[in-house]
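Participant: Predicted coordinates and the sequence they were generated for:
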Protein chains: 2
Amino acid sequence: MTESAAEIIARTASRSSAILRTVTNEQRIKALESIHEALIANKTKILEANKIDMDDARAEGSGISAPIIKRLDLQSSKDKFETMCEGVMEVARLPDPIGRITFKSQLDDGLVLERVTCPIGVLLVIFEARPEVIANITALAIKSANAVILKGGKESLHTFSAISKIVQETLSNTEIPSGAVQLIESRQDVASLLDQDQYIDLVIPRGSNELVRAIKSSTKIPVLGHADGKCAAYVAADADLEMAARVVVDSKTNYVAACNAIETLLIQRSGIDTVFPKVAAALLEAGVSLRVTPEVKEALSKAGGFPVDDSEKILDATEQDFDTEFLQFTIAVAAVNDERDAAIHINTHSSKHTDVIITSDADAAERFMASVDSSGVYWNASTRFADGFRYGFGTEVGISTSKIHARGPVGLEGLTCYQYKLRGHGQVAGDYVGSGGRQAFKHERIL
Amino acid sequence: MTESAAEIIARTASRSSAILRTVTNEQRIKALESIHEALIANKTKILEANKIDMDDARAEGSGISAPIIKRLDLQSSKDKFETMCEGVMEVARLPDPIGRITFKSQLDDGLVLERVTCPIGVLLVIFEARPEVIANITALAIKSANAVILKGGKESLHTFSAISKIVQETLSNTEIPSGAVQLIESRQDVASLLDQDQYIDLVIPRGSNELVRAIKSSTKIPVLGHADGKCAAYVAADADLEMAARVVVDSKTNYVAACNAIETLLIQRSGIDTVFPKVAAALLEAGVSLRVTPEVKEALSKAGGFPVDDSEKILDATEQDFDTEFLQFTIAVAAVNDERDAAIHINTHSSKHTDVIITSDADAAERFMASVDSSGVYWNASTRFADGFRYGFGTEVGISTSKIHARGPVGLEGLTCYQYKLRGHGQVAGDYVGSGGRQAFKHERIL
């Protein structure tokens, strides 16, 4: 039986992972320092490769938009390359996520159980065409002692190949096996790798909703990622007017293409004629068009001064609008009775990303935050804070809307799990109660 | 569009989950106390239902084996029913797993981020035909504030129906919505529920390897469970002879049908003529037949006194034997050079459950435990200790061989995840660096 290329890549990663597990934090830091130096030493080579990607992207008929071309660009911005290199050292300096004892118990004399953080094993990370991301993810993987198979957006292929070649050459002079970081180049390879569930432990797709959904449907490997960023703000009738307007506008417009931007606004029914007009005016002022239910429209008509007949600015909402990630200056608006109804609406329509209540009632805020099952639940703060950098976690591998393992911004910790270590002196189960013996367990918790 | 039965069940669970999230620990304890009382009060009704299951199982042509009939039986054993009821109160008395703050940081003045444990949401648990398990899982789900959809082995259907009816009736008089615990009755329903990934957050199958594999292949919902229990023991040349024999025999024979029993024995090559004959003799003595590689067979021939020609006792191993969960008095035996080779063998063939090294060398033991990527890695103790009760965790929902979220024996903690709560005073991202503003984050870690 001949082995597929995917199987060879996956098995190489798995073997490398077994070695990586035994490498110390000092050795991992040293490898990252070497990568940092090698990237700087090879700046010219990397920028040359990047120029090929840029030229291809700019070529007539490439179909690549200006904002994407800007993302690809590693050279025009004065310090983008240096920031990328410095990012590797930032990750290197983080505390070791591996080997932390999170539970310890003496089951019986001389029989001690520990729960210890450990790497997950082999990661398959699929990411967008941003050259600096490959360095980030390589650093996070090595620091967390995971082997990683990388697939980056094809528009940055030359840059990725250059960086990954330098990384592999550098690793071959360190304690980290060079098979710990492998770059694959085609979509076809990804499809075959998704079958390698005996070797690959976690898939992390960063990209379009379609990509994430397609991956989830076609693999038995666990998938960590967010398929959507459908976030909502709920404004209670007692909200501070100024604050409500500011937080809603920032959550919507600070960066409309972001996954942590809101797509839905819920208004407490009893505040529809008081707080809502102020918020609506601020949104329109910021260039946001509103898709509103009939009662919301009526409230705006009643309030007066709103362009209710300008279909560029105020439209009738469809049911579908409350399930849509607009990613543009558009927001769906509905009224609900209270924070409980808001939570039900959000739990039904949101993508479990980040949702906010704006209110001056602390009890209502706590009820809202306890009821909403999203990874982020906020009180009087913009949803745009949902981000690894703003949370102070450093580089993130992505934002998870999964409901198990890791949620929200995922950094090093999300790339670890734990294992139980039991150290004994020859104890056997047959001596203990429940398995045929008479000896009782002590179960003395040490940590 | 008419809704399917599965969708109604899943949505009911999801709605109940939203209410459950807001119920206090005291209210959850009270509900479990009520269930405990109701089970005791309805003992006769439950035992009558159990008698129907028992009669069906004993009927000619039922095809149900004696050990399974014994499992179904809730009445013959003096205190099985009482133990089941007491189990509910044991779970009720455990510390609240929900609302624990595991991280806290002040991002800026008056902008505080917390990471708080929370329920996962909706669980779908598929379990075997053991009447007491439905009470255990119901208790674990309610205590962890998760809604649960239960599907038990069909041989206990009458008993399960009786218990679940009592649970639902009882819940309707508590703060817990009765839709929080639903029993489904056919395999067909399971298949439809596996499509309800918008409502169901985690599937926990307890059962045959085939069941678990089939479920993993047919759902986008994360699956927590173990498909196999292929465990191994590695005996180093320096192992204490007596201890090696005892630990290996107990790991293999204490309960051969258990997932934490070993299926493979790895012997350090340099000890094949010294420690191994002692271990082999003890295994044969305990009724275990050995499937051995040629060099192992040669060592036994050389040692003398072994029935190397008795194919009932000593057979030639096939490659397949090292990937087999025998679940009977059979073990595959091979030689390896050292603990590193043992780890590679285990990482390649084992099911990431529990593996043990027997050695008197602490450094070799630590290297082995760091290299093996199983959920349990042991030194000089029987693999049979891998169990929630023996670990002191109380009732377990199952043993996980996943490499993310929860590993090993999974109790209450594995039924929780976390969410980030951010409490502010109207802060917006646009004021801060990185999003257009000049304000710097403080990131003062509080916890």
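Facilitator: Perfect, I can see it now. All figures in this text were calculated on a predicted structure; none of them were measured in a lab.
Participant: Low-confidence stretches in chain A?
Facilitator: A:1-2 (pLDDT under 70).
Participant: Which strand in it has the most residues?
Facilitator: strand A:416-427 (DSSP state E).
Participant: for it, packing partners?
Facilitator: strand A:101-108, strand A:111-119, helix B:241-253, strand B:376-381 (3 or more Cβ pairs under 8 Å, 6 or more residues apart in numbering or on different chains; DSSP states H and E). (Glycine included, C-beta is placed from N, CA and C.)
Participant: Partner strands of it and their direction?
Facilitator: Counting by DSSP bridges, the strands paired with strand A:416-427 are strand A:111-119 (antiparallel), strand B:376-381 (parallel).
Participant: Could you tell me which residues within it count as buried?
Facilitator: Neighbour-count burial for strand A:416-427, counted by 16 or more other Cβ atoms under 10 Å in any protein chain shown, picks out A:Thr416, A:Cys417, A:Tyr418, A:Gln419, A:Tyr420, A:Lys421, A:Leu422, A:Arg423, A:Gly424, A:Gly426, A:Gln427.
Participant: A:Lys151 - how many residues pack around it?
Facilitator: The tally of other residues near A:Lys151 (other Cβ atoms under 10 Å in any protein chain shown) stands at 21.
Participant: So what pairs up with it in the strands?
Facilitator: A:Ile126.
Participant: All the helices of the stretch 51-200 of chain A, residue numbers only.
Facilitator: Under the criterion DSSP state H, counting those that start in this stretch, the stretch 51-200 of chain A contains helices at A:66-72, A:80-92, A:131-143, A:157-171, A:187-193.
Participant: So for A:Ser402, which of the ones you listed sits nearest?
Facilitator: Judged by Cβ to Cβ, the one of those that comes nearest to A:Ser402 is helix A:131-143, at 17.6 Å.
Participant: Can you check what angle separates that closest one from helix A:80-92?
Facilitator: 20 degrees (axes from the mean of the first three to the mean of the last three Cα atoms, to 10 degrees).
Participant: hey, C-alpha coordinates of helix A:131-143 in CSV?
Facilitator: Coordinates of each C-alpha in helix A:131-143 appear next as CSV, following Å, rounded to 0.1, in the frame of the first residue of the first chain:
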residue,chain,number,x,y,z
PRO,A,131,2.4,37.2,5.7
GLU,A,132,3.0,37.9,9.3
VAL,A,133,0.5,35.3,10.5
ILE,A,134,2.8,32.4,9.6
ALA,A,135,5.4,33.7,12.0
ASN,A,136,2.8,34.2,14.8
ILE,A,137,1.4,30.7,14.5
THR,A,138,4.8,29.1,14.2
ALA,A,139,5.8,30.8,17.4
LEU,A,140,2.6,29.9,19.2
ALA,A,141,2.9,26.2,18.1
ILE,A,142,6.6,25.9,19.2
LYS,A,143,6.0,27.7,22.5
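Participant: angle of that helix against helix A:157-171?
Facilitator: Going by the same axes, to 10 degrees, helix A:131-143 makes 30 degrees with helix A:157-171.
Participant: what's helix A:131-143 packed up against?
Facilitator: helix A:25-41, helix A:80-92, strand A:122-127, strand A:147-152, helix A:157-171, strand A:181-183.
Participant: from the helices of the stretch 51-200 of chain A, which stretch is densest packed?
Facilitator: helix A:131-143 (a mean of 25; mean count of other Cβ atoms under 10 Å in any protein chain shown).
Participant: quick one, it and strand A:122-127 angle?
Facilitator: Between helix A:131-143 and strand A:122-127, the angle comes out at 170 degrees (the same axes, to 10 degrees).
Participant: Which segments of chain A make up each domain?
Facilitator: What automatic domain parsing lists as the domains of chain A is A:5-96+A:119-217, A:231-391.
Participant: gap between the two ends of the longest one?
Facilitator: Going back to what we said before, that points to domain A:5-96+A:119-217. One end of domain A:5-96+A:119-217 sits 22 Å from the other (Cα to Cα, to the nearest Å).
Participant: With the shortest one instead?
Facilitator: Distances were taken as Cα to Cα; on that basis the terminal residues of domain A:231-391 are 18 Å apart.
Participant: Would you mind naming what in the stretch 251-400 of chain A lies close to chain B?
Facilitator: A:251, A:254-255, A:343-344, A:347, A:365, A:367, A:369-371, A:373-382, A:384-386, A:389-392 (Cβ under 8 Å from any Cβ of the partner chain).
Participant: what bridges to the residue lying closest to A:Asp387 once chain neighbours are set aside?
Facilitator: In this structure, A:Asp387 finds its nearest non-sequential neighbour in A:Pro409, 5.9 Å apart by Cβ to Cβ, 6 or more residues apart in numbering or on different chains. Note on A:Pro409: beta-bridge partners by DSSP bridges are A:Ile399.
Participant: before we move on, back to that, other SSEs contacting the following helix or strand past the longest strand of chain A?
Facilitator: As assigned by DSSP states H and E, the chain's next helix or strand after strand A:416-427 is strand A:444-445. Applying 3+ Cβ pairs under 8 Å, 6+ apart, one finds that strand A:444-445 contacts strand A:101-108.
Participant: Isn't A:Pro205 up against A:Arg213?
Facilitator: No: the pair A:Pro205 / A:Arg213 is not scored as a contact, 9.5 Å apart, by Cβ atoms under 8 Å.
Participant: The two: who's more crowded?
Facilitator: In terms of neighbours (other Cβ under 10 Å), A:Pro205 is the more surrounded of A:Pro205 and A:Arg213; the figures are 23 against 15.
Participant: May I have the beta-bridge partners of that one?
Facilitator: A:Ile126.
Participant: Quick test: name the residue nearest the centre of chain A.
Facilitator: Of all residues in chain A, the one closest to the mean position by Cα atoms, centre = their mean is A:Ile399, 1.6 Å from it.
Participant: Can you give me the distance of that residue to B:Phe441?
Facilitator: In this view, A:Ile399 and B:Phe441 are 18 Å apart by Cβ to Cβ, to the nearest Å.
Participant: do the same with A:Val288
Facilitator: 27 Å.
Participant: now do A:Lys151
Facilitator: 32 Å.
Participant: ditto for A:Ile52
Facilitator: Counting by Cβ to Cβ, the gap from A:Ile52 to B:Phe441 is 38 Å.
Participant: Of the two, which one has the most company?
Facilitator: Higher neighbour count among A:Ile52 and B:Phe441: B:Phe441, with 18 against 14, using other Cβ under 10 Å.
Participant: what number of residues lie near A:Asn173?
Facilitator: A:Asn173: 11 neighbours (other Cβ under 10 Å).
Participant: can you give me the end-to-end distance of stretch A:346-358?
Facilitator: 14 Å.
Participant: ok, now stretch A:395-406?
Facilitator: So stretch A:395-406: terminal residues 15 Å apart, Cα to Cα.
Participant: likewise stretch A:92-104?
Facilitator: 28 Å.
Participant: hey, where'd the strands end up in the stretch 201-350 of chain A?
Facilitator: A:202-205, A:231-235, A:262-268, A:289-292, A:314-316, A:330-336 (DSSP state E, counting those that start in this stretch).
Participant: Kindly format the C-alpha coordinates of the fourth one as CSV.
Facilitator: In other words, strand A:289-292. The C-alpha coordinates for strand A:289-292 follow below in CSV (Å, rounded to 0.1, in the frame of the first residue of the first chain):
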residue,chain,number,x,y,z
SER,A,289,-28.6,52.0,7.7
LEU,A,290,-31.3,50.5,9.9
ARG,A,291,-33.4,47.4,9.2
VAL,A,292,-36.3,47.7,11.5
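Participant: and it, what does it pack onto?
Facilitator: helix A:275-285, strand A:314-316, strand A:330-336.
Participant: picking that back up, distance from the chain centre to the longest strand of chain A, please.
Facilitator: Its chain's average C-alpha position is 31 Å from that of strand A:416-427, according to Cα atoms, centre = their mean, to the nearest Å.
Participant: what's near enough to touch the nearest residue to A:Arg291 once chain neighbours are set aside?
Facilitator: Leaving aside its chain neighbours, A:Arg291 sits nearest to A:Ala317 (4.0 Å; criterion: Cβ to Cβ, 6+ apart). Residues near A:Ala317 by Cβ atoms under 8 Å, 6 or more residues apart in numbering or on different chains: A:Arg291, A:Val292, A:Thr293, A:Val296, A:Ala332, A:Val333, A:Ala334.
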